[in-house]
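I would like the atomic coordinates for the input below:
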Amino acid sequence: MKLVRWPSLPAGALQNSTTLAHVIQSYAQTKQLKRGKQLHAQLIYAGHEPCIFVFNHLLNMYAKCGDISHACHLFEEMPQRNLVSWTAMISGFSQNGKFQEALGTFSRMRTAGEMPNQFAFSSAVQATSALGLLAFGKQIHSLSLKLGFQVELFVGSNLADMYSKCGALADACRVFNEMPLKDEVSWNAMIDGYAKNGDFIEALRAFRKMRLEGVAADPPVFCSVLSACGGLKESGFGKSLHSCIVKFGFESEVFMGNALTDMYSKAGDMESASFVFGIDREHMNVVSCSSFINGYVEAGKIEKALSTFVESQRQGIKPNEFTYSTLIKACASEAMLQQGSQLHAQVIKMHFDDDPFVYSVLVDMYGKCGLLESSIRVFEGIDSPTEIAWNSMLGVFAQHGLGKEAIRIFDEMVVGGLKPNAITFISLLMACSHAGLVEQGLDYFNSMKKMHGIEPQQEHYSCVIDLLGRAGRIKEAEEFVSKMPFEPNAFGWCSLLGACRTHGDKERGEVAAEKLMELEPDNSGTHVLLSNIYASAGQWEDVKSIRKMMRDKNVKKLPGYSWVDVGNKTHVFGAEDWSHPQKREIYEKLEKISNEIREVGYVPYTAAISCNLDESLKERLLQNHSERIAVAFALISMPVGKPIIVKKNLRICLDCHSAIKYISKVVEREIIVRDNSRFHHFRDGMCSCGDYW
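As a prediction, this is how the structure comes out:
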């Protein structure tokens, strides 16, 4: 191996502190760590004891070059230290991501009686911001006020940034407003704080105010404002920003291209996102690809998202945790089990399976694909589940109607010291509703504010309406609505209307339907449910009136579809749909199992048909519902013993729910139906949801 010999400084230069400092500073600026180490070794070999001035420059050089261990060793060996020494060490730790050590050194400096300067304050504030230590940050803020450093532009900007990153926007605004001078750094701290805390409108307002005050926008400011535009799905203002970015010559920056791609993707403008994304393929990276993929997912173009993912891998771009989380989440929403399982295999290969977001979406994906056991297995394989993972598992149990299991998970979560949030209680209340655990659900709702400090929102009130309605306690649900602090949302009124349909409460059903029509006039489901209520009561003139209203308002009933995956293909069926190539075999199987379930006790629920037709014709219509056709096809196409998973875009009707219970008993197969409300597990003539379908 050839040894590189670096030129040494003359002996006279080693004794000149100013020359030494200048040379060491140049090594720090150009990141020439090897030369810096050689010079340090030369000083030790020559027996020259550097003065504190040179020691401080060596400290700074090691820190700037990322060799924090040598900086730390040198700091501990220094015969004496001054304010610059302490500041260099605190800044070095902070710049190299050693935030705990930075704060520890700051505390040691105070114990040693040294008063911090603005640079020490700024580095310490940056460390508290990175660690999310709001309480410690407030203590540093108090000390900076006492010593008069808050007016320093650098300190004030970092304090505003710290408060915003810790979620204390009111404190961030107060610090920002008290600053006598503001530059682009301090403005960006506020704009970025608003954007990251979801207050996108305030972020845009702050940007406009900054421009009115004549402060020039730099690339970080533009990135923060683009993030706010993406959050608001405001591509119009984003395009104006894009023009400014081009005007100022910032568009060639890779991170700016990423920010623009992300903004257009989140705004749903995939054409503009494609334009930015395709300008310079050489600068494509995992950030821009992930943003692009997420845009397709948000637009519901899952196939496009998957093809972009494959193409990015061909280009040599390695996906990150966010890429996988986005794609697995998309597979969950579309119940794409095969693709989701393949992504899971890649996640394990890439060692991302310990990432909290990735394993949380895996739990959710398997649950939404009907594989409850796989979902539980992934969750149980997590060493230290985060709140997100607990909420995912709780949500899966809610979707599958397993109320007792959801309660058990909630109890384990709380005992483990994790704080439930609003999403936790939505899943918990839904689980109680689907399992008929009314009293438990009401107790959890009442405990939200009293025990957990969570103010119930519209979604929680709607869950309670659904809880009472499913149990047939419609009068209580009506009384609950009258005491709510706000009007129920569409889900609340729809839950009440559905309960009135199930339990035959015409008067309250009419009130719920009227309210729902005001909120969602184009929702055909409202008209259909009300029509069913009238049909059950034999009020056929009212049924005709509802249908006329739908024709006059051009409200079309959403057709019901069911689909089942066999092999690598998805087979879709509609009611009375005999377009499938295997229609003859399907029809014969359907006839056979229809006769068999009658023999074991099935009785058609013809009240589910809201038409004044002959009973035999009603029975024929019920037999040919899409979910039953899908089940019949699965029975002739899938291996014996394999569970059948059918997906449906509408809620399963009462008669099909009853029929499939009997089918599962006759064919001795587990049948899982995922409708737009939840999963129904049919096995041995029983359903996991009991009577609370």
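
go ahead and confirm residue 353 touches residue 343.
No. With contacts counted by C-beta atoms under 8 Å, residue 353 stays clear of residue 343, the gap being 11.0 Å. Every residue, glycine included, has its C-beta placed from N, CA and C.

pick out whichever of those two has more residues nearby.
Neighbour tally, residue 353 and residue 343, criterion other C-beta atoms under 10 Å: the higher count belongs to residue 343, 25 against 17.

look at that one and report its pLDDT.
Looking at residue 343, its pLDDT reads 93.

tell me the secondary structure at it.
With DSSP: H, G, I helix; E, B strand; the rest coil as the basis, residue 343 sits in helix.

contact partners for it?
Listed by C-beta atoms under 8 Å, 6 or more residues apart in numbering, the contact set of residue 343 reads 324, 327-328, 331.

same question for residue 665.
Contacts of residue 665 by C-beta under 8 Å, 6+ apart are 597, 600, 684-685.

what helix or strand is it on?
Assigned by DSSP states H and E, residue 665 belongs to helix 654-667.

how about the strands of the stretch 451-600 of the chain, start to end?
For the stretch 451-600 of the chain, applying DSSP state E, counting those that start in this stretch gives strands covering 561-566, 569-574.

tell me the buried residues in the first one?
The one in question is strand 561-566. 561-565 (16 or more other C-beta atoms under 10 Å).

what of stretch 472-487?
Buried residues in stretch 472-487 (16+ other C-beta under 10 Å): 472-474, 476-478, 480-481.

can you put those residues in CSV and add pLDDT and distance to residue 673?
Below are the buried residues of stretch 472-487 laid out as CSV (pLDDT from 0 to 100; distance: C-beta to C-beta, whole Å):
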residue, pLDDT, distance to residue 673
472, 90, 23
473, 93, 26
474, 92, 26
476, 94, 29
477, 92, 26
478, 91, 30
480, 93, 30
481, 92, 30
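
so which of those residues comes closest to residue 252?
Distances from residue 252 to the buried residues of stretch 472-487, taken as C-beta to C-beta, are shortest for residue 481 (57.7 Å).

tell me the predicted confidence for the nearest residue to that closest one once chain neighbours are set aside.
Distances taken as C-beta to C-beta, 6 or more residues apart in numbering put residue 488 closest to residue 481, at 5.8 Å, once the chain neighbours are dropped. pLDDT for residue 488: 88.

and residue 488, how many neighbours?
23.

use 255 as the first number for this chain going forward.
That works, and once the first residue is 255, the last one we named lands at residue 742.

would you confirm that it contacts residue 717?
No. The criterion here is C-beta under 8 Å, and residue 742 misses it with residue 717 at 10.9 Å.

could you dump stretch 337-351 to CSV, C-alpha only?
Below are the C-alpha coordinates for stretch 337-351, written out as CSV (Å, rounded to 0.1, in the frame of the first residue of the first chain):
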residue,chain,number,x,y,z
LEU,A,337,-16.6,30.2,26.7
VAL,A,338,-15.4,29.5,23.2
SER,A,339,-14.3,26.0,24.2
TRP,A,340,-17.7,25.2,25.7
THR,A,341,-19.6,26.7,22.8
ALA,A,342,-17.5,24.8,20.2
MET,A,343,-18.3,21.5,22.1
ILE,A,344,-22.0,22.2,22.4
SER,A,345,-22.3,23.2,18.8
GLY,A,346,-20.2,20.2,17.7
PHE,A,347,-22.5,17.8,19.5
SER,A,348,-25.6,19.5,18.1
GLN,A,349,-24.3,19.6,14.5
ASN,A,350,-23.4,15.9,14.7
GLY,A,351,-26.8,14.7,16.0
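
great, nothing more from me.
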